[in-house]
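**Student:** model this:
(chains A, B and C)
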Amino acid sequence: MKKIATGNKAVAEAVKQANPTVVAAYPITPQTEIVEQIAEFVTSGQMPARYIAVESEHSAMAACIGASITGIRTFTATSSHGLLYMHEMTNWAAGARLPIVMANVNRSLGPGWNIWAEHTDALQERDTGWLQVYVSTVQEAYDATLMAFRIAEHNDVLLPVMVNLDGFLLSHIMQPVDTVELGDFIPKIHLPHAIDPKHPAGYGTLTGPDQQFKFRWEIERSMRDSVKVIEETEKEFAKRFGRKYGFTENYRCEDADVIVIAMGTLGKEAEVAVDLLRNEGIKAGSMRIRWLRPFPKLDLKGKEVVVIDRDYSFGFGGILAGEIRSKTGISLYSVIAGLGGQEVTYDDIADFVRTRRTGEEFWFGVNAHV
Amino acid sequence: MYEIRIHSRGGQGGVTAARLLAMAALHDGKYATACPFYGAERRGAPIVSFVRIDDKPIKVYSQIRQPDMVVVLDASVMDVVDVLHGLKKGGRIFINSAGKREFAGFECRNVDLTGIALRENLVVSGSPILNTPVLGALASMGIITADSAKKAIREMFSDERNVKAAEAAYKEMSA
Amino acid sequence: MLKCTSACAGCSDSLALRYVLKAAGPDTVMVVPACCTSVIQGIYPNTAFNVPVYNIAFGAAAACASGMSNAFRAEGKKTNVIVYAGDGGTLDIGIQAMSGAFERGTDFLYICYDNEAYGNTGMQRSGGTPMGAKTTTTPTGKTDAKKDIDAIVAAHDPPYMATACAAYPQDIFKKVQKALTFRGPTFLHILAPCPPGWRYPTEKTVEMGKLAVKSGMWVLYEREYGKVTIGPQSKVAMKKPIPLEDYLSPQGRFKGIDPKIVEILKQRITKNFQRLAAEEEASA
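**Tutor:** Modelled structure (predicted):
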């Protein structure tokens, strides 16, 4: 059924359909609408879940961990400082191999108090063992949330999944969303290591280096195995519901000389810039990175590349640019744009391409080349 | 792509008007997006919302700088905000006002939505509701169809007075 | 509780644990934050517990248990969910999560075993360390009073809460059994004397716990739906406490304690007795 919904409402709708047994969450701007909507679904009986109104994000993730280890489906949502506050627990969730699904509404970090879109919050979580997907439309927020449960709970994965959507730009925009009849798309959850009083075991006990090393390796092995599970899940989703997704969304890339790479809504707006540039005779393409973890294989041979980072790692550079450089070995033009919700238009993106200086870094908001 | 900027005051339903407009456009078989200006909203302060309508999926997230149309739900914001800012040459303006206004180079229409809301007894907490009757006015200007406008209103509100007010605005504008 | 624990010699916590687990029975899951019990339970792949134990980060036990309890109840399971946390994980870093879980009416038993310092990391001061006690971060003795966690928990008005002491294991057994008959959050605060931390010979553990009760430094009581009942051992102590010095002097941590602080501790004991007696009378 097609309707108009915000990104937040679309996530909540997907969660309702995925039907978790426990949702534990703490409100934070601009995520609030997700938890309010879920609380309303639960209160009105549309969702049989238990909603635990925890007193902090640290407790939100801890409660999800405690619930998940019993073998049931769990969900939470957060943003920005909330995500950072649960950072200890996000590591725990992945290490404990729990298929928790979380929506993170990407937002800048204080100080100062800035509630607008930035990716630095989620990117600070990239080494935790969570799978991370970044979406660019309300429809994709809905679709990715549904798929997240199937991917996380797949027994070849058993790692948590974070669905990232841009604060306000996507969380609060109203766009058409086509909801699906889910059927058995998300199979019944089966957690092989679920806690069971009939079979006492110690979870997360004192562990020596040899065993700890193996546990780390197993996380990485599952992260690698998740590539296939993601591909299968997206293929099955396309087959059942008609919408196709991949590790990246490529737009007019085949014959492009220069490719713009970005994540989230910027990656969608970049497609408009590509059309503009093509009209000027510049053979541009857009590659929107969807899955940051596991990081996709990128074929950028023979292309010039402009990476737009809505984030930064101080003393290093744009985080996405760094990841692409390290994985492909290419030299690129790194643009830092959209920090703290700074407005970046398709005209701006087209300008980044027109005036690109490969090998350099450009801070758009302060007009500084470094 | 047709881009509309809606001016109102916080609490007057400008965001809901944008949402209803997008819903109606969807019923017309088009693509639409609606969003508020992302700021700290204060009751009574001038605010803007944006609506984009197109035949193709909409990929633009940045704010509307050169709207095709401006909708003013509360004429008093015109004293403090330049509602014509960026409006395309020959662009259209709709003002909730009993008095006719002229702006050189633009097509300006008006109807007294507040009066209509009061006549239809469409008042919540002492304030006349403007976000549903405005859909009638916009349907009359051809932005959306009257049928889709009514469908969108009924999806969101069960009170039939909303539809009546929209019909009244449509009739007054079309007369 | 099985063999193969890795507790210190003379550890009163492992004594308390034995009775907690016995009282709780097999349909139980323990949630343990970072504390001595993280060590005591054994080293992977072994476990000394005959129920599942879920280990969680320091400040997260009550929240984790909250999720677990909700998940079990949603599935129609009556499994006991017991947090077993130290004074650090309860009075200090875990207090927010605990307060939240109590406020939300979580169906669980929260047990704090209190050895009055961060034992696992080598005896640093905690909110549970009494005034005058030396720890590695209060080398000349703590200048602040012990945090009254029982009053804080009581403010959440749980249906049942009690204090206990590892020196009276039968009392622990009864109180755990009783706590588990209630729906909603219950609390048990166990004083757990610690030979290396309190600096006394390992064989004196039970004696040290008894001295704490007899001197009034520790009071045994229950609070059931607000009704206070002081335990018989503490009733005796209230009538005729042993000199506080008898409790302090065998412990290295109180060596050289300022007499002024001993006076403050004595005043605190008297005040505490009076307050509890008044509460018992008022709620009778």
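**Student:** by mean pLDDT, flag the weakest helix or strand of chain C.
**Tutor:** Every helix and strand of chain C was ranked by mean pLDDT, DSSP states H and E. The lowest is helix C:36-40, at a mean of 91.
**Student:** direction included, what does the helix or strand that it is followed by pair against?
**Tutor:** Next helix or strand after helix C:36-40 toward the C-terminus (DSSP states H and E): strand C:53-56. When pairs are called by DSSP bridges, strand C:53-56 turns out to pair with strand A:202-203 (parallel), strand C:28-33 (parallel).
**Student:** most neighbours per residue, which of those?
**Tutor:** Stretch with highest mean neighbour count among these: strand C:28-33 (a mean of 27; mean count of other Cβ atoms under 10 Å in any protein chain shown). Using the backbone N, CA and C atoms, a C-beta is placed for each residue, glycine as well.
**Student:** pLDDT of it, averaged?
**Tutor:** What strand C:28-33 shows for mean pLDDT is 98.
**Student:** contacts for it?
**Tutor:** A:66, A:195, A:197, C:21, C:38, C:41, C:49, C:51-61, C:64-65, C:68, C:79-86, C:89, C:94 (Cβ atoms under 8 Å, 6 or more residues apart in numbering or on different chains).
**Student:** at 6 Å what do you get?
**Tutor:** Strand C:28-33 is contacted from outside by A:195, C:38, C:51-56, C:58, C:61, C:64-65, C:79-85, C:89, using Cβ atoms under 6 Å, 6 or more residues apart in numbering or on different chains.
**Student:** how far off centre is that strand?
**Tutor:** Computed by Cα atoms, centre = their mean, to the nearest Å, the chain-centroid distance of strand C:28-33 equals 15 Å.
**Student:** just the C-alpha atoms of it, please, in PDB.
**Tutor:** Taking C-alpha atoms only, strand C:28-33 is exported to PDB below (Å, rounded to 0.1, in the frame of the first residue of the first chain):
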ATOM      1  CA  THR C  28      17.300 -19.300  37.200                       C
ATOM      2  CA  VAL C  29      19.600 -17.000  35.200                       C
ATOM      3  CA  MET C  30      22.200 -14.900  36.900                       C
ATOM      4  CA  VAL C  31      23.300 -11.600  35.400                       C
ATOM      5  CA  VAL C  32      26.700 -10.600  36.700                       C
ATOM      6  CA  PRO C  33      28.500  -7.300  35.900                       C
END
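**Student:** which bits of chain A sit near chain C?
**Tutor:** Contact residues (Cβ under 6 Å from any Cβ of the partner chain) of chain A with chain C: A:21-22, A:24, A:50, A:52, A:54-55, A:59, A:62-67, A:70, A:72, A:88, A:92, A:195, A:197, A:200-207, A:211.
**Student:** buried subset of those residues?
**Tutor:** A:21-22, A:24, A:50, A:52, A:54-55, A:59, A:62-67, A:70, A:72, A:88, A:92, A:195, A:197, A:200, A:202-207 (16 or more other Cβ atoms under 10 Å in any protein chain shown).
**Student:** give me the neighbour count for the residue lying closest to B:Asn131 once chain neighbours are set aside.
**Tutor:** Spatial nearest neighbour of B:Asn131, chain neighbours left out: B:Gly13 (3.4 Å); criterion: Cβ to Cβ, 6 or more residues apart in numbering or on different chains. Residues lying near B:Gly13 (other Cβ atoms under 10 Å in any protein chain shown) number 23.
**Student:** same thing with the one 10 residues further on?
**Tutor:** Close neighbours of B:Met23, defined as other Cβ under 10 Å, add up to 25.
**Student:** in this structure it contacts A:Ala5, no?
**Tutor:** No. In this structure B:Met23 lies outside contact range of A:Ala5 using Cβ atoms under 6 Å: 10.1 Å.
**Student:** one step back: quick one, which of the strands paired with strand C:53-56 is nearest to A:Trp116?
**Tutor:** strand C:28-33 (36.1 Å; Cβ to Cβ).
**Student:** for chain A, give me the ranges with low pLDDT.
**Tutor:** Of all residues in chain A, none has pLDDT under 70.
**Student:** what parts of it come near chain B?
**Tutor:** Going by Cβ under 6 Å from any Cβ, the residues of chain A near chain B are A:4, A:168-169, A:173-176, A:265, A:268-269, A:271-272, A:343, A:345.
**Student:** give me the buried subset of the residues you listed.
**Tutor:** A:4, A:168-169, A:173-176, A:265, A:268-269, A:271-272, A:345.
**Student:** identify the farthest-apart pair in those.
**Tutor:** Between all members of those, the farthest pair (by Cβ to Cβ) comes out as A:Ile4 and A:Thr345, at 23.6 Å.
**Student:** what ranges does the chain have for its helices?
**Tutor:** Going with chain A. A:7-18, A:32-43, A:57-68, A:80-85, A:87-95, A:120-123, A:138-153, A:209-241, A:265-279, A:319-328, A:346-354 (DSSP state H).
**Student:** hm, I was asking about chain C
**Tutor:** Along chain C, the segments classed as helices by DSSP H run C:12-24, C:36-40, C:61-74, C:87, C:95-103, C:149-154, C:169-179, C:195-198, C:205-215, C:232-239, C:244-248, C:259-283.
**Student:** export those as TSV, with columns for mean neighbour count and distance to chain B.
**Tutor:** Formatted as TSV, those follow (neighbours: other Cβ atoms under 10 Å in any protein chain shown; distance: least, Cβ to the nearest Cβ, whole Å):
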stretch	mean neighbour count	distance to chain B
helix C:12-24	23	51
helix C:36-40	23	45
helix C:61-74	29	31
helix C:87	27	43
helix C:95-103	22	28
helix C:149-154	17	36
helix C:169-179	20	47
helix C:195-198	22	52
helix C:205-215	21	55
helix C:232-239	16	56
helix C:244-248	17	58
helix C:259-283	14	47
